[in-house]
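S.K.: here is my input, please return the structure:
(one chain, ligands or ions: 2)
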Amino acid sequence: MTTYDLIVIGAGAVGENVADYAARGGLKVALVEAELVGGECSYWACMPSKALLMSTSALDAAKAVGGAKQAVTGDVDVQAVLDRRNSFTSNWDDSSQADWVASAGIDLIRGHATITGVREVTIDGTVHTATHAVAAVTGSNALMPDIDGLKDAKPWSNREATSAQTIPSSLMVIGGGVVAAELATAYQQLGAKVTVAARSGLLGGQEPFAADLVQESLEALGVDLRLHTSPISVVRDEHGLVTTTLSDGSTVVTDEVLVATGRVPRTLDLGVENIGLTPGDWLEVDDTLLVNGFDWLYAVGDVNHRALLTHQGKYQARAAGEVIAARALGEGVHAEPWGAHVATADHAAVPQVTFTNPEVASVGLTADAAQKQGIDVKVVDYDLAAVAGSSLKSDTYKGQARIVVDESRKVIVGATFVGPDVSDLLHAATIAVVGEVPIDRLWHAVPSYPTVSEVWLRLLDAYGRP
Ligand SMILES: Cc1cc2nc3c(=O)[nH]c(=O)nc-3n(C[C@H](O)[C@H](O)[C@H](O)COP(=O)(O)OP(=O)(O)OC[C@H]3O[C@@H](n4cnc5c(N)ncnc54)[C@H](O)[C@@H]3O)c2cc1C
Ligand SMILES: NC(=O)c1ccc[n+]([C@@H]2O[C@H](COP(=O)([O-])OP(=O)(O)OC[C@H]3O[C@@H](n4cnc5c(N)ncnc54)[C@H](O)[C@@H]3O)[C@@H](O)[C@H]2O)c1
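M.R.: Ligands and ions are numbered 1, 2, ... in the order given. Coordinates of the predicted model:
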């Protein structure tokens, strides 16, 4: 038995950061990992999925600029894309991340952890105790919907889709969220014939114009979109082909089927029943990431269901690591909104980029969500293609921008950009939302000419001087 100040269960991007910030705060920390250090994001989510998308984006960007497009004489090299993706995942070898853990002064324990009591964690039969805290940072798994025959049809989850070494000739994607939209784009661009069956349309939760532009682009790529429909049965035959029957009675035959219908928390085999919680539930937390009802158990990242995004989980991790250290050492805790030890932005200012073609970059509230919160909303829209920087960037630029203004406070509470490379416009909007920068002050934030960022000036012009 070994005693640590803090035991962190799960060494995904988020767990690594909890451990790092607590260790930097002076605590003796163990980090437990059952699979690969680096977790889902490094090996089966963010990085490999983006690697599958980026080469075609680069090619499209070149094809959209006269002078460059004449030099583009071939198609994307699919094997080279897969090889580049393999290198981004280090061929699913986590030794460099394990080296980093050691260099940060954290003890890495490989194995499956279960919580067996108060501040007690058992790892493959060995009991470890924590003097101060345990952090559950166990992430999420793909949700498998209850569709007749689906399990037996050996469906892909994000894991198979991001690690495949060949591109199937056809792929059925079940779901219409970010995973479905990004991976449908990637696989169609890499040569598969993709069908998407989405129960409730595409990219729910985003501004409707964003979903419309992504829908248009998927259709232009040749994706067969079956919206507002869902599979009622899935069968893989003796030749390996999968037949999906949809709720409208139609059938689609493909080589593979990918399930992208959301996530479930990895709490089924975490031993939470030993401390009065229910396996399979998300772990609900306060803003310092303490699990409700506990003074020693923290839950950080996907498993707390606040914002299932790597950057947001790492933001929580910085607060959690520091607050665990502060509480352990009896130092002051800054738990007021926007304080050092809380994850306030989870409620008000979550940025997200969907790496479809075009990209969707958003932060804060949509117009609809703001209205539902009772905010006195003014919406300002602008055609991104009408900005000088956009026309230079691409001869065929198509895009749209929106800010959502809280009229009572004259501050921006949400922004959405859709278009090529808009991901890099997003952080300015995030700063405006988090900083609650008054609109009249934003007039003094002058975007450089001729950049796409000039859309900020156009949006302010359209809003008018307050
Ligand atoms: C296809 C896809 C693409 C995505 N793309 C993006 C993106 O571009 N940008 C973005 O911000 N987000 C993206 N996400 C979301 C992002 O992957 C997650 O938000 C992020 O991985 C969550 O990190 P985490 O550390 O909380 O969990 P995880 O990365 O899941 O890590 C949890 C770790 O805990 C370990 N573990 C679990 N239980 C135990 C146990 N009992 N004992 C020991 N170890 C255990 C697991 O093995 C795992 O390594 C994407 C998700 C998917 C599915
Ligand atoms: N670029 C990024 O930031 C990025 C990329 C991928 C994933 N993620 C994160 O991962 C999380 C999971 O993404 P996701 O796309 O799996 O989940 P999601 O919850 O975003 O979307 C699930 C989709 O599946 C549909 N659906 C559910 N059951 C269905 C059924 N039986 N038949 C047809 N459609 C069905 C839903 O209507 C919805 O459109 C998200 O919260 C997202 O934040 C982020």
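S.K.: which residue does the stretch 201-350 of the chain bring closest to ligand 2?
M.R.: Nearest residue of the stretch 201-350 of the chain to ligand 2: residue 230, at 3.0 Å (Cβ to the nearest ligand atom). All C-beta atoms are positioned from the backbone trio N, CA, C, and that covers glycine.
S.K.: looking at it, that residue is touching residue 248, isn't it?
M.R.: No. With contact defined as Cβ atoms under 8 Å, residue 230 does not reach residue 248; the gap is 9.6 Å.
S.K.: quick check, residue 167 in a helix?
M.R.: No. The assignment for residue 167 is coil, going by DSSP: H, G, I helix; E, B strand; the rest coil, so no helix is present there.
S.K.: what's the spacing between it and ligand 2?
M.R.: 19 Å (Cβ to the nearest ligand atom, to the nearest Å).
S.K.: okay, the residue nearest in space to the middle of the chain: pLDDT?
M.R.: Taking Cα atoms, centre = their mean, the centroid of the chain lies closest to residue 309, which sits 3.5 Å from it. On pLDDT, residue 309 comes in at 98.
S.K.: what packs against whichever strand or helix holds residue 252?
M.R.: Per DSSP states H and E: residue 252 is located in strand 251-254. Here strand 251-254 touches strand 170-174, strand 193-198, strand 242-246, going by 3 or more Cβ pairs under 8 Å, 6 or more residues apart in numbering; DSSP states H and E.
S.K.: and that strand, how far from the chain's centre?
M.R.: Computed by Cα atoms, centre = their mean, to the nearest Å, the separation of strand 251-254 from the middle of its chain amounts to 29 Å.
S.K.: residues making contact with that strand?
M.R.: 168, 170-172, 193, 195, 197, 224, 226, 241-246 (Cβ atoms under 8 Å, 6 or more residues apart in numbering).
S.K.: hmm, back to that, closest to ligand 1 out of the helices and strands packed on strand 251-254?
M.R.: The nearest among those, by Cβ to the nearest ligand atom, is strand 170-174 at 11.5 Å.
S.K.: in the stretch 101-250 of the chain, which residue sits nearest ligand 2?
M.R.: Closest point on the stretch 101-250 of the chain to ligand 2, by Cβ to the nearest ligand atom, is residue 177, at 2.1 Å.
S.K.: show me what from the stretch 301-450 of the chain comes close to ligand 1.
M.R.: Residues of the stretch 301-450 of the chain lying close to ligand 1 (Cβ under 6 Å from any ligand atom) are 301, 302, 308, 309, 310, 311, 313.
S.K.: looking at the residues you listed, which are in helices?
M.R.: 310, 311, 313 (DSSP state H).
S.K.: still on that earlier bit, pretty sure the residue of the stretch 101-250 of the chain closest to ligand 2 is touching residue 262, no?
M.R.: Yes. Between residue 177 and residue 262 there is a contact under Cβ under 8 Å: 6.8 Å.
S.K.: so which of those two has more stuff around it?
M.R.: residue 177 (19 against 13; other Cβ atoms under 10 Å).
S.K.: state the distance from the more buried one to ligand 1.
M.R.: In this view, residue 177 and ligand 1 are 10 Å apart by Cβ to the nearest ligand atom.
S.K.: tell me the buried residues in stretch 53-66?
M.R.: Within stretch 53-66, the residues scored as buried using 16 or more other Cβ atoms under 10 Å are 53, 54, 55, 56, 57, 59, 60, 61, 63, 64, 65.
S.K.: cool, stretch 147-164 as well?
M.R.: 147, 149, 150, 153, 155, 156, 157, 158, 161, 162, 163, 164.
S.K.: can you list contacts of that stretch?
M.R.: Contacts of stretch 147-164 (Cβ under 8 Å, 6+ apart): 40, 43-45, 48-49, 52, 82, 85, 89, 92, 141-142, 144, 174, 179, 183, 187, 230-236, 242, 256-260.
S.K.: list buried residues within these.
M.R.: 40, 43-45, 48-49, 52, 82, 85, 89, 141-142, 174, 179, 183, 187, 230-231, 234-236, 242, 256-260.
S.K.: so which of those reach ligand 1?
M.R.: Checking the buried ones among the contacts of stretch 147-164 against ligand 1 (Cβ under 6 Å from any ligand atom), the matches are 40, 45, 49, 179.
S.K.: report the contact partners of whichever residue of the stretch 351-466 of the chain sits closest to ligand 1.
M.R.: When scored by Cβ to the nearest ligand atom, the stretch 351-466 of the chain has residue 355 as its residue closest to ligand 1, at 6.4 Å. Each residue near residue 355 by Cβ under 8 Å, 6+ apart is listed here: 49, 50, 53, 57, 182, 185, 423.
S.K.: helix or strand for residue 4, which one?
M.R.: strand 2-9.
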